[in-house]
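>>> using only what follows, build the 3D model:
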Amino acid sequence: MKNSIITILLAFTFSSVKAQTCTGNYIFEQQSQIDQFLIDNPTCTSIQGGVVINIADNADPILNVTGLQNIIEIHGLLLIQNGYDAAVPPLLGLSNLITADSILITSSSATMALDGLDNLQNVSSLYIDAYYIDNLHAFDNITNLDDLTIDFMWEAAAGTPPSFYDVFPDLQTVTNSLIIGKLYSECDTLTGFNALQSVGYLSFSFWDQLTMNVFDGMHNLQTIDGGFYNYAWGANSVSGFENLESIGGNVEMALQCPCDMPDFESLNSVGTLWLFNYHYCPTKPILEIRPSFFPFL
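Numbering: from 1, shown residues only. Next up, the predicted model:
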């Protein structure tokens with residue numbers, strides 16, 4: 001009997017040490033804060049709250065995030081931002097992170113590598129300002145999202161616009177909104193999204209102009225439950241959407257020169273269709289409907 005009690009106590013002690021939930025919001029702007037977190041919470045694997053990693057210009061800048069190496073879950077917002085012109089530290093300390101309710105990633109001036117986020121699987125909402133991101137393959141294992149926004153915030157002095165290839169290869173559904181280019185954005189080449197089958201709402205250029213050389217993707221997209229919007233998407237070549245069958249909401253497209261659009265050959269149902277010319281493309285009429293766009297019309 002005595003041995004059984006000892007065994008139970010040992011098992012209880014082991015399970016208590018094995019995992020711990022930390023409650024609260026954590027803001028990290030200094031390396032000492034990252035290091036202290038592991039000292040104060042050596043068994044913490046889950047954070048019930050938000051986490052801010054701010055690469056700030058101060059006397060003790062963050063050089064690594066290994067103090068977060070045990071974190072598996074963040075039930076709140078994970079905000080990673082770089083606010084000054086400095087090399088962004090590796091995120092390898094987050095390599096055990098599997099779940100985060102929402103993620104927001106921005107970098108205003110220096111290239112950011114997302115190595116270390118490669119094991120992410122469960123994310124509800126993801127916003128990326130990708131102009132200074134070297135690649136998006138950290139999100140290759142994500143299969144479902146509620147919301148996804150990818151911005152390419154353009155700056156005149158930034159140099160060559162970025163290119164991203166074979167992005168989100170396993171993503172199958174975006175329940176609410178998928179927005180590419182929310183603010184003034186520029187991207188040379190964007191390919192991928194080829195496992196994507198359904199989207200709640202799809203927008204290229206949400207509020208401002210999106211300039212792109214090549215888009216090649218969404219070849220297996222079948223359903224858009226809501227609207228399909230393109231307010232100011234300027235692209236030299238667009239390939240995709242050939243398996244898109246239905247759009248539940250309105251289609252609004254601001255055609256721009258050159259207008260190399262796909263044929264939407266499988267599309268058989270759509271709400272109200274608006275095709276209109278963006279103001280700086282005077283060679284096109286105000287309204288142009290080409291039968292090859294929507295063969296069922």
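>>> could you look up the SS state of residue 67?
Put simply, residue 67 is helix when judged by DSSP: H, G, I helix; E, B strand; the rest coil.
>>> pretty sure it contacts residue 32?
No: with contact defined as CB atoms under 8 Å, residue 67 does not count as touching residue 32 (9.6 Å). The C-beta positions use only the backbone N, C-alpha and C, and glycine is treated the same way.
>>> tell me which of those two has more neighbours.
More crowded of residue 67 and residue 32, by other CB atoms under 10 Å: residue 67, with 21 against 13.
>>> where does this protein dip in pLDDT?
Scanning the chain for pLDDT under 70 picks out the ranges 1-19, 83-90, 108-110, 154-159, 254-261, 275-297.
>>> can you give me the helices in it?
Counting by DSSP state H, the segments of the chain that form helices are 2-18, 31-40.
>>> give me the beta-bridge partners of residue 180?
Residues in a beta bridge with residue 180, per DSSP bridges, are residue 150, residue 204.
>>> touching, it and residue 150? I think so.
Yes: judged on CB under 8 Å, residue 180 makes contact with residue 150 at a distance of 5.2 Å.
>>> between the two, who's got more neighbours?
Higher neighbour count among residue 180 and residue 150: residue 180, with 25 against 22, using other CB under 10 Å.
>>> OK, contacts around the more buried one?
For residue 180, the contacting residues are 149-150, 190, 203-205, 210, by CB atoms under 8 Å, 6 or more residues apart in numbering.
>>> in a markdown table: the residues you listed, plus distance to residue 45.
Formatted as a markdown table, these follow (distance: CB to CB, whole Å):
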| residue | distance to residue 45 |
| --- | --- |
| 149 | 29 |
| 150 | 30 |
| 190 | 35 |
| 203 | 37 |
| 204 | 39 |
| 205 | 40 |
| 210 | 40 |
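>>> most neighbours, which of these?
Sorting the contacts of residue 180 by how many neighbours each has (other CB under 10 Å) puts residue 210 first, at 30 neighbours.
>>> what's the closest non-adjacent residue to residue 151?
Of all residues beyond its chain neighbours, the one nearest residue 151 is residue 129 (4.7 Å), with distances taken as CB to CB, 6 or more residues apart in numbering.
>>> one more: residue 21?
Nearest to residue 21 is residue 46, by CB to CB, 6+ apart, at 4.5 Å.
>>> quick check: that neighbour touching residue 76?
No: using CB under 8 Å as the test, residue 46 is too far from residue 76 to be in contact (10.7 Å).
>>> can you pull out the strands in the stretch 1-150 of the chain?
Using DSSP state E, counting those that start in this stretch, the strands found in the stretch 1-150 of the chain span residues 20-23, 26-28, 44-48, 51-55, 73-82, 99-107, 122-129, 144-151.
>>> okay if I get those as CSV plus distance to residue 246?
What follows is the strands of the stretch 1-150 of the chain, written out as CSV (distance: least, CB to CB, whole Å):
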stretch, distance to residue 246
strand 20-23, 43
strand 26-28, 44
strand 44-48, 40
strand 51-55, 39
strand 73-82, 34
strand 99-107, 29
strand 122-129, 25
strand 144-151, 20
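>>> tell me which of these sits nearest to residue 163.
Nearest to residue 163, of all the strands of the stretch 1-150 of the chain, is strand 144-151, at 13.0 Å by CB to CB.
>>> ok, residues contacting the closest one?
Strand 144-151 has contacts (CB under 8 Å, 6+ apart) with 123-131, 136, 168, 171-183, 185.
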